[in-house]
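Peer 1: Compute the structure for the input listed below.
(one chain, ligands or ions: 1)
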Amino acid sequence: MRVSWDIFCSVVDNYGDIGVTWRLARQLVAEQGCAVRLWVDDLAAFCRVCPEADEQAAAQLQQVVEVRRWCADWPPVAAADVVIEAFACQLPAAYIAAMAARGRPSLWLNLEYLSAEDWVGGCHALPSLQPKGLQKFFFFPGFSSDTGGLLREAGLLERRRAFQQDQQARQAFLCGLGVTPQTDARLISLFAYENPGLASWLDVLATDAQPSHLLVPEGRIVADLLSWLQRDALAVGTVLVRGSLTLQVLPFVSQDDYDRLLWSCDFNAVRGEDSFVRAQWAGRPLLWQIYPQAEDAHLDKLEAFLALYVAALSPAATAALLAQWRAWSSGAAMGSSWQALLEVWPELTAHAENWCSQQAAQTDLATALAQFYRNWL
Ligand code: TRH
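Peer 2: Take a look at the predicted model:
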């Protein structure tokens, strides 16, 4: 009998909640042989990361994952062997009752947001007693061996490296997106929240000696791009040139194509949680815009990750990277930190690959979850 999993995803905003749970669901099916239902309360968000999905369907099978619309009117369903409430979303009361009513109650896991903070290792896998004999555990993804690790599909890095070594594959992929960069252009992807610092970065790219080609998936940062361009609109696919800088807005693509986009670029600006992890697996220098939280709580998380990420860098590369990431996450001017970064570019490029290999030595999150269930039995 296949182990059954129910994953509950309530979309708070953006695409990280659905992005993480969809990726995890696919991996549990493909690699752990599980039967997975993914309950999503916002199918429009799901359709962004899985464009072939049907926004209207109450139930659909996508890549062998049963995707169910999670609506207030909860249907009576049997509870699964393992239940994941993603990011502390509230399970339906009737479903909790069904978990407890099983011969052997379901294993209940709260999958937490990713953080590099020290306390995470101490809280990972801690139980919390629930009524009716149920046990809930807190499962923390993370960067160290005392956490649940990161989402990483089997063979991902081998596929990524093969793609990066195959110039034709890269060219064909980019061409399919309507992107034909100049041969000497630095290719940069930009997935970001609104950021007043963008204009200063674009200024410096436009006057740089080396050409850059900036690819911007449709989304929140486009308004800042338009204001720098002094335009009202920019259709997807249109190519604009300002000095050394070529700009292009791209369509929002499937998760797998977004991976290929990250693999194709020399530098990736990413945000939130899932794209941040994917940029690390791309093995290329990256810039992270952390999801902003009330009272600047996100800045501690940023510093915690930076402390890990710069540990093996030279003082010059450390200074350049810290300055750039801190500036980007606070909306400050980016010109001088970008210039400093260019000075240490080869070191950062090598470091991105080393960091990727170091992180890949950890057990991945889906495997860790499946192991946790087996040990719990
Ligand atoms: O969309 P986000 O800003 O999500 C955020 C974070 O997860 C944050 O922690 C959370 O609190 C908040 O949502 C509610 O960034 P993130 O996490 O990178 O998610 C984006 C997803 O979209 C990711 O799975 C990659 C995917 N994606 C595509 O599939 N195609 C695309 O073209 C792009 C640009 C992204």
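
Peer 1: Report pLDDT for the residue in the chain positioned nearest to the ligand.
Peer 2: Using Cβ to the nearest ligand atom, the single residue of the chain nearest to the ligand is G16, 1.6 Å away. To be clear about C-beta, it is placed using only N, CA and C from the backbone, and glycine gets the same treatment. pLDDT recorded at G16 is 97.

Peer 1: i'd like the first residue to be 29 from this point on
Peer 2: Done: numbering now begins at 29, and the last item shifts to G44.

Peer 1: thought it was touching V298?
Peer 2: No. The criterion here is Cβ atoms under 8 Å, and G44 misses it with V298 at 10.9 Å.

Peer 1: With adjacent residues omitted, what lies nearest to T377?
Peer 2: P313 (5.8 Å; Cβ to Cβ, 6 or more residues apart in numbering).

Peer 1: can you count the residues close to that neighbour?
Peer 2: Residues near P313, counting by other Cβ atoms under 10 Å, number 23.

Peer 1: and the stretch 229-378 of the chain, which residues reach the ligand?
Peer 2: Contact residues (Cβ under 6 Å from any ligand atom) of the stretch 229-378 of the chain with the ligand: 245, 280-283, 286, 299-304, 319.

Peer 1: Close to the ligand: what parts of the stretch 79-228 of the chain are there?
Peer 2: Within the stretch 79-228 of the chain, the residues that sit near the ligand (Cβ under 6 Å from any ligand atom) are Y141, F219.

Peer 1: so where do the strands sit in the stretch 79-228 of the chain?
Peer 2: In the stretch 79-228 of the chain, the strands defined using DSSP state E, counting those that start in this stretch lie at 87-90, 93-97, 110-114, 135-139, 155-157, 163-167, 214-218.

Peer 1: Check the stretch 279-405 of the chain too.
Peer 2: With DSSP E, counting those that start in this stretch as the criterion, the stretch 279-405 of the chain has strands at 295-299, 314-317.

Peer 1: Model confidence for I112, exactly?
Peer 2: For I112, pLDDT reads 98.

Peer 1: Am I right that it is in contact with L137?
Peer 2: Yes. With contacts counted by Cβ under 8 Å, I112 reaches L137, the gap being 5.0 Å.

Peer 1: shared neighbours, the two?
Peer 2: Counting by Cβ atoms under 8 Å, 6 or more residues apart in numbering, the contacts common to I112 and L137 are F167, L397.

Peer 1: Give me the pLDDT for the residue lying closest to A190 once chain neighbours are set aside.
Peer 2: Leaving aside its sequence neighbours, A190 sits nearest to A197 (Cβ to Cβ, 6+ apart; 8.0 Å). The per-residue pLDDT reported for A197 equals 98.

Peer 1: Also R54?
Peer 2: 98.

Peer 1: Look at it and give its secondary structure.
Peer 2: Assigned state for R54: helix (three-state reduction, DSSP: H, G, I helix; E, B strand; the rest coil).

Peer 1: ok now do P155, which residues does it touch?
Peer 2: Counting by Cβ under 8 Å, 6+ apart, the residues that P155 touches are Q163, K164, F165.

Peer 1: what residues go with each domain of this protein?
Peer 2: 32-179, 184-388 (automatic domain parsing).

Peer 1: Can you get me the start-to-end distance on the shortest one?
Peer 2: According to Cα to Cα, to the nearest Å, domain 32-179 extends 19 Å from its N-terminal end residue to its C-terminal end residue.

Peer 1: This completes my enquiry, with thanks.
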